[in-house]
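[1] Pasting the sequence and the predicted coordinates here, then a few questions.
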Amino acid sequence: MSKTHNPRYFITTPIYYVNDSPHIGHAYTTIAADVMARYRKLTGDSVFFLTGSDEHGQKIEKAAEGNNERPIELADRVVIRFMDLWKRLNISNDDFIRTTEERHKIAVQHFFEHIKAKGDIYLGEYEDWYCIPCESFWTDTQLVEGKCPDCKRPVEKVKEQSYFFRMSKYQDQLLDYIEKNPDFIQPSYRKNEVVSFVKSGLRDLSISRTSFKWGIPVPGDERHVIYVWFDALVNYLSAAGYPGDIDRLNDIWPADLHLVGKDILRFHAVYWPTFLMSAGLPLPKKVFAHGWWTVEGEKMSKSRGNVVDPNEMIDRYGVDQFRYFLLREVPFGLDGDFSKTALVGRINGELANDLGNLLSRSLTMAIKYFGGIIPEPGETAEIDDELKKTAEEAVSGLDEAMKEVAFQRSLTNIWSLVSFANRYIEVNAPWALAKDEAKKGRLQTVIYNTLESLRVTAVLISPFMPETAEKMWKALNIPTLFDEVKITDTEWGGLKAGRTVNKPAPLFPRVEEK
Ligand code: MSP
């Protein structure tokens, strides 16, 4: 197939289990993916951003049983909480796939049959351990004190007939791929973990179950349902048009970036690529594993009652404040701690004091000294070039950081412009210039440059805090539609003099807590 345009940038989140409501862990990956999707659109890419729900398997079946409802009723009910939360968080996904949809079922069965026709699936017997919360198989030797090595919860003995995927056959091919594509698994310390796992020996993988019913039947052998991870991973293909829509598939697949938590890296960086190798499909370009949040220093869990509900955070602190905090607090990849003190500190500091004040004092001065009309720049000084250079470096630094999926660095980089713009005001002291009619030309330049820094900042923060960026855009009364802004619009000097600014309510009200 020849391609007539650039292929889409395809970014995914994991698809979330619908046995429970969304928490900050889910919100974290989804916000990160949204920021990346929005940034790529800003750079002019055509983007396909996918999220969805994982609705099959024993874990969902058990949860439904516990509620006295059918699994599909549970799924229909809980999936809405995810969809609603993504709307509230301004998630710009292009599709939402549910694994109970027909398009997905067709894709999974086709994928299974394709791999089977390759000779890579055989019928055997599984006898080992299963962890339902993780939906993972374990051998005796892998257990830690008789429990699941990942979540430390009890496992159950499973002895049943099962279809197996010849994963062992792909061990060398996978190692070779990882070595030749150093960016495939990120961060690099996680890559090393995957490599040693693969080197310790890949066993064939059980990919069907007979002891429960809630799943996609194995084609031609309806006693079996397909293993939930085999089912779930294929969502990335079913949403991309597999198997029927070849043009769409060629346009979208392979994925450019699978964002996942560190706990599910093995499924994405070992199982998934070996399935794809067997099916003869290209592998995703990058799998990036982020770290985990603890809450006020403790592991987040239902039993501890400390699960953070993103809806509460939005109600109390605001959408953009929450989005900002999650990506600013911890380098993406490492574990971090979620605490209200840290959140409030960042809202009152970087958001209210640094950015909010910069906008509000700049507009106040523009109104006071020029009746709100953006002045033409007049007399210049050396520090103006420094400001311009800082803005240009913020743009290029953001691009480098985003290429490395380094959200925290992206933000600190933007804040170097915000801080410099604040300093620029202090150093130039417009209030003093305003007292001297002879310095009017200089005052015009200072106000113009300050507003111009804000215009550039609005573009740069737009993937992270879309609502705030749009408020800034409107305050500066910029004629370009906000949805049509591109990164190239950050070129210094783009602000048009002569238009009238509007002063909005404070961007980030200060939070006073205990
Ligand atoms: N259904 C599977 C994914 C299938 S993808 C083909 C699944 N779902 S999940 O709902 O349990 O979790 C999804 C994501 O939430 C994972 O990426 C996981 O890392 C993330 N988190 C769950 N708890 C978390 C924290 N405490 N902190 C950060 N992320 C966490 O796994």
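    Sure thing, it's come through. In this text the structure is predicted, and so the values were computed from the model without any measurement. Numbers count the residues shown, from 1 in each chain.
[2] Residue in the stretch 401-514 of the chain with the shortest distance to the ligand?
    Nearest residue of the stretch 401-514 of the chain to the ligand: residue 407, at 13.8 Å (C-beta to the nearest ligand atom). Heads up, the C-betas are built off the backbone N, CA and C, glycines and all.
[3] Residue 35 is in contact with that residue, correct?
    Yes: between residue 407 and residue 35 there is a contact under C-beta atoms under 8 Å: 6.4 Å.
[4] Now do the shared contacts for the two.
    The contact sets of residue 407 and residue 35 overlap at 327, 464 (C-beta atoms under 8 Å, 6 or more residues apart in numbering).
[5] wait, residue 343 sits on residue 321?
    Yes: between residue 343 and residue 321 a contact is recorded at 7.5 Å, counting by C-beta under 8 Å.
[6] Comparing these two, which residue is more hemmed in?
    residue 321 (24 against 21; other C-beta atoms under 10 Å).
[7] how about the residues of this structure near the ligand?
    Residues of the chain lying near the ligand by C-beta under 6 Å from any ligand atom: 14-17, 25-26, 28-29, 54, 232-233, 235, 260-261, 263-264, 292-293, 300.
[8] mind running it again at 5 Å?
    When proximity is defined as C-beta under 5 Å from any ligand atom, the chain approaches the ligand at 14-17, 25, 54, 232-233, 260-261, 263-264, 292-293, 300.
[9] buried subset of those residues?
    Buried subset of these (neighbour count, 16 or more other C-beta atoms under 10 Å): 14-17, 25, 54, 232-233, 260-261, 264, 293, 300.
[10] how about JSON lines for these, with secondary structure added?
    Shown next, in JSON lines, are those (DSSP: H, G, I helix; E, B strand; the rest coil):
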{"residue": "14", "secondary structure": "strand"}
{"residue": "15", "secondary structure": "strand"}
{"residue": "16", "secondary structure": "strand"}
{"residue": "17", "secondary structure": "strand"}
{"residue": "25", "secondary structure": "helix"}
{"residue": "54", "secondary structure": "strand"}
{"residue": "232", "secondary structure": "helix"}
{"residue": "233", "secondary structure": "helix"}
{"residue": "260", "secondary structure": "strand"}
{"residue": "261", "secondary structure": "strand"}
{"residue": "264", "secondary structure": "helix"}
{"residue": "293", "secondary structure": "strand"}
{"residue": "300", "secondary structure": "coil"}
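[11] Closest to the ligand out of these?
    Checking those against the ligand by C-beta to the nearest ligand atom gives residue 261 as the nearest, at 1.6 Å.
[12] Against residue 432, how distant is that closest one?
    53 Å (C-beta to C-beta, to the nearest Å).
[13] Taking the residues of the chain next to the ligand, tell me the two that lie furthest apart.
    Across the residues of the chain next to the ligand, no pair lies farther apart than 233 and 300, at 25.1 Å, counting by C-beta to C-beta.
[14] Please, where are all the strands along the stretch 301-450 of the chain?
    336-338 (DSSP state E, counting those that start in this stretch).
[15] would you list every one of the helices in it?
    Using DSSP state H, counting those that start in this stretch, the helices assigned to the stretch 301-450 of the chain run over residues 310-317, 319-329, 340-346, 357-370, 382-403, 407-428, 430-433, 440-461.
[16] how about those in CSV, adding mean pLDDT?
    As requested, these are exported to CSV (pLDDT from 0 to 100):
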stretch, mean pLDDT
helix 310-317, 97
helix 319-329, 98
helix 340-346, 97
helix 357-370, 98
helix 382-403, 98
helix 407-428, 98
helix 430-433, 98
helix 440-461, 98
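[17] between these, which gets nearest to residue 21?
    helix 310-317 (8.8 Å).
[18] Give me the residues contacting that closest one.
    The contact list for helix 310-317 (C-beta under 8 Å, 6+ apart) reads 22-24, 26-27, 85, 88-89, 322, 325, 343-344, 347, 511.
[19] between the buried ones among the residues of the chain next to the ligand, which is closest to residue 74?
    For those, the minimum distance to residue 74 (C-beta to C-beta) is 10.6 Å, reached by residue 17.
[20] residues touching the closest one, list them.
    Counted by C-beta under 8 Å, 6+ apart, residue 17 has contacts 53-55, 59-60.
[21] and which of those is nearest to the ligand?
    Of all those, the ligand sits closest to residue 54, with 3.4 Å by C-beta to the nearest ligand atom.
[22] Any idea what the closest one is bridged to?
    residue 17 (DSSP bridges).
[23] pLDDT wise, what is it at?
    Note on residue 54: pLDDT of 98.
[24] OK, contacts around it?
    Contacts for residue 54 were tallied using C-beta under 8 Å, 6+ apart; they are 14-18, 99, 228, 232, 235.
[25] And stretch 183-192, what's buried?
    So for stretch 183-192, counting by 16+ other C-beta under 10 Å, buried means 184-187, 190-191.
[26] Those: which two are farthest apart?
    Pairwise distances across the buried residues of stretch 183-192 peak at 11.9 Å for 184 and 187 (criterion: C-beta to C-beta).
[27] how much space between residue 136 and residue 369?
    From residue 136 to residue 369 the distance is 65 Å (C-beta to C-beta).
[28] can you check residue 438 too?
    In this view, residue 438 and residue 369 are 15 Å apart by C-beta to C-beta.
[29] Give me the more crowded residue out of these two.
    residue 369 (19 against 7).
[30] Verify the contact between that one and residue 434 for me.
    Yes: between residue 369 and residue 434 there is a contact at 5.3 Å, judged by C-beta under 8 Å.
[31] Could you pull out the residues contacting both of those two?
    Contacts common to residue 369 and residue 434, judged by C-beta under 8 Å, 6+ apart, are residue 443.
[32] on that earlier part again, ok, so of the buried ones among the residues of the chain next to the ligand, who is nearest residue 505?
    residue 293 (30.9 Å).
[33] hey, what's the closest one bridged with?
    residue 336.
[34] where's it relative to residue 409, distance?
    Using C-beta to C-beta, residue 293 is found at 19 Å from residue 409.
[35] three-state assignment of residue 259?
    Under the three-state scheme (three-state DSSP), residue 259 adopts strand.
[36] Doesn't residue 45 belong to a helix?
    No: according to three-state DSSP, residue 45 belongs to no helix; its state is coil.
[37] what's the pLDDT at it?
    For residue 45, the pLDDT comes out at 96.
[38] That one reaches residue 9, doesn't it?
    Yes: using C-beta under 8 Å, residue 45 is in contact with residue 9, at 4.5 Å.
[39] contacting residues for the nearest residue to residue 468 once chain neighbours are set aside?
    Among residues not flanking residue 468 along the chain, residue 320 sits closest, at 4.7 Å (C-beta to C-beta, 6 or more residues apart in numbering). When contacts are counted by C-beta under 8 Å, 6+ apart, residue 320 touches 464-468, 508.
[40] same thing but 7 Å
    For residue 320, the contact set (C-beta atoms under 7 Å, 6 or more residues apart in numbering) comprises 465, 467-468.
[41] Sort out which of those are in helices and list them.
    Using DSSP state H, the members of these that fall in helices are 467-468.
[42] could the contacts of residue 320 go into TSV alongside pLDDT and distance to residue 113?
    Below are the contacts of residue 320 laid out as TSV (pLDDT from 0 to 100; distance: C-beta to C-beta, whole Å):
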residue	pLDDT	distance to residue 113
465	98	46
467	98	46
468	98	49
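[43] Just the buried ones among the contacts of residue 320, please.
    Applying 16+ other C-beta under 10 Å to the contacts of residue 320 flags 465, 468 as buried.
[44] Tell me the secondary structure at the residue lying closest to residue 254 once chain neighbours are set aside.
    Using C-beta to C-beta, 6+ apart and skipping the chain neighbours, the partner closest in space to residue 254 is residue 282 (4.3 Å). When classified by three-state DSSP, residue 282 comes out as coil.
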